[in-house]
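**Student:** Sequence first, then the predicted structure:
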Amino acid sequence: MSKKVHVFNAGPCLLPQVAIDNAIEALKDFSGTGVSLLSISHRTKEWDAVMDECRALWRELLHIPETHEVIFLGGGASLQFLYVAMNYLEKKAAYLDTGVWAHKALVEAQGIGEAYAIACSKDKNYSYIPKGFDIPANLDYLHITTNNTIYGTEIHEDMDCPCPLIADMSSDIMSRPVDVSKYDLIYGGAQKNVGPAGVIFAIIRKESLGRVTRHLPTMLNYQTHIDKLSMFNTPPVFNIFVMNETLKWIKSMGGVEAIQKINQQKADLLYGEIDRNPLFVGTAAKEDRSLMNVCFVMAPGYETLQDEFFAFAKAHGMIGIKGHRSVGGFRASLYNACTVEDVQALVDCMQEFEKLKK
Ligand SMILES: *Cc1c(COP(=O)(O)O)cnc(C)c1O
């Protein structure tokens with residue numbers, strides 16, 4: 001008997017149970033072949049079927065237009081920071097510096113060419129999204145991080161941008177509908193919302209490639225992977241399989257539009273409690289609050305209760321609510337597979353703790 005727990009880990013994330021169950025089955029017998037998913041050849045029609053279905057689900061769930069292609073690669077989102085600069089940076093690029101990940105992407109680009117922070121919210125520990133900055137039209141691209149996993153801030157709308165727009169959507173992909181046509185590139189690690197760690201997705205406007213003059217190593221050239229349908233070399237089969245199962249689950253829930261409504265409900269529930277409960281206070285600017293990562297601390301006067309609340313929450317089955325060390329306090333990640341019931345359990349826990357202390 002496993003214990004009833006509520007998982008709020010920031011990544012790797014909670015995945016839908018059906019995806020895990022189907023993965024267990026495939027580990028034993030992949031698609032009726034009698035061979036484990038871990039031992040199949042990726043040059044078979046059974047595997048092609050998984051790749052085709054996965055690509056088709058990405059297209060369907062995010063309404064990806066014909067102008068764009070979706071690919072899957074290893075290496076993590078952090079390696080994509082380099083891919084972005086290698087494939088797109090010719091003269092000059094701007095980065096919106098909204099957190100540690102955004103900053104790391106910028107630093108990686110600066111090793112390749114001229115890249116600068118167009119605006120930065122570090123002055124207030126990245127607790128808000130800078131607004132009202134001018135974007136020069138002659139940039140190679142503007143890079144944004146739509147959801148700042150560590151600080152709990154999010155860019156909620158697809159912005160209009162006079163230059164090509166590139167987005168790291170590692171931690172809010174598939175949490176809301178996206179107007180893909182506004183972006184030349186959307187990328188991210190799967191492990192925050194769409195699968196296990198070890199695979200990335202990249203949605204690329206096909207005609208945006210080929211603009212740089214530098215030599216691109218074969219593996220670092222997006223075109224290689226578009227041309228070979230993500231099978232230039234051995235793909236991470238297990239990770240793609242589980243991602244595909246996760247997308248099937250999203251579809252069964254009514255798609256991204258339906259998931260967004262549930263995500264809004266979960267976020268409203270938890271932020272509502274943070275704003276009501278005198279023991280707690282949110283750390284992100286209200287208008288920029290992330291629907292995915294909810295960050296909060298003990299309210300002034302109650303700081304000394306932090307460790308006690310951790311222990312109390314842990315005893316009630318709450319897993320993974322410790323805030324990132326650079327923010328402190330608490331962070332509850334409400335990715336797609338987290339349910340309203342999970343969030344309600346955390347809210348109940350906060351209310352019980354309040355009663356104990358007042
Ligand atoms: C986690 C995260 C990354 C880094 O992902 P890796 O796959 O571990 O390299 C990059 N960007 C954002 C927004 C993240 O949340």
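**Tutor:** Structure's in. What do you need?

**Student:** so who does the closest residue to the ligand within the stretch 151-300 of the chain touch?
**Tutor:** Evaluated by Cβ to the nearest ligand atom, the stretch 151-300 of the chain has Gly189 as its residue closest to the ligand, separated by 3.1 Å. Any C-beta I mention is one placed from the backbone N, CA and C, and that applies to glycine too. Counting by Cβ atoms under 8 Å, 6 or more residues apart in numbering, Gly189 touches Gly11, Gly76, Ala77, Ser170, Ala197, Val199, Ile200.

**Student:** cool, and Asn147?
**Tutor:** When contacts are counted by Cβ under 8 Å, 6+ apart, Asn147 touches Thr153, Glu154, Ile155, Met169, Ser170, Ser171, Asp172, Ser175, Ser290, Met292, Asn293.

**Student:** Out of the contacts of Gly189, name the ones that lie in helices.
**Tutor:** Applying DSSP state H to those, the entries found in helices are Gly76, Ala77.

**Student:** closest to Phe310 among the contacts of Gly189?
**Tutor:** Nearest to Phe310 out of the contacts of Gly189 is Gly11 (Cβ to Cβ; 19.7 Å).

**Student:** Make TSV from the contacts of Gly189 and add distance to Tyr141, neighbour count and pLDDT to it.
**Tutor:** Output for the contacts of Gly189, formatted as TSV (distance: Cβ to Cβ, whole Å; neighbours: other Cβ atoms under 10 Å; pLDDT from 0 to 100):
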residue	distance to Tyr141	neighbour count	pLDDT
Gly11	25	20	92
Gly76	21	17	96
Ala77	17	25	98
Ser170	18	26	98
Ala197	27	15	97
Val199	24	25	98
Ile200	18	25	98
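
**Student:** could you pick out which of the contacts of Gly189 are near the ligand?
**Tutor:** Counting by Cβ under 6 Å from any ligand atom, Gly11, Gly76, Ala77, Ser170 from these sit close to the ligand.

**Student:** and of the contacts of Gly189, the nearest to Phe312?
**Tutor:** Out of the contacts of Gly189, the member with the shortest distance to Phe312 (by Cβ to Cβ) is Gly11, at 24.5 Å.

**Student:** thinking again about what came up before, inside strands: which ones of the contacts of Asn147?
**Tutor:** Thr153, Glu154, Asn293 (DSSP state E).

**Student:** top of those residues by neighbour count?
**Tutor:** Asn293 (29 neighbours; other Cβ atoms under 10 Å).

**Student:** check contacts around the residue nearest to it when sequence neighbours are not counted.
**Tutor:** Leaving aside its chain neighbours, Asn293 sits nearest to Gly152 (4.5 Å; criterion: Cβ to Cβ, 6 or more residues apart in numbering). Neighbouring residues of Gly152 by Cβ under 8 Å, 6+ apart: Gly282, Thr283, Ala284, Arg289, Ser290, Asn293, Val294, Cys295, Val327, Arg331.

**Student:** On the three-state scheme, Gly188 is what?
**Tutor:** strand (DSSP: H, G, I helix; E, B strand; the rest coil).

**Student:** re earlier: could you report the distance from the residue nearest to Asn293 to Ile20?
**Tutor:** The gap separating Gly152 from Ile20 is 27 Å, by Cβ to Cβ, to the nearest Å.

**Student:** Repeat that for Ala202.
**Tutor:** Look at Ala202 and Ile20: by Cβ to Cβ, they are 25 Å apart.

**Student:** okay, those two: which has more neighbours?
**Tutor:** A direct count of neighbours by other Cβ under 10 Å for Ala202 and Ile20 places Ala202 higher, at 23 against 16.

**Student:** The more buried one belongs to a strand, doesn't it?
**Tutor:** Yes: applying three-state DSSP, one finds Ala202 inside a strand.

**Student:** Now do the contacts for it.
**Tutor:** Val70, Ile71, Phe72, Leu73, Gln80, Tyr83, Leu185, Ile186, Tyr187, Tyr222, His225.

**Student:** pretty sure the second one contacts Leu209?
**Tutor:** Pointing back at Ile71 there. No: using Cβ atoms under 8 Å, Ile71 is not in contact with Leu209, being 11.4 Å away.

**Student:** Cheers, nothing more for now.
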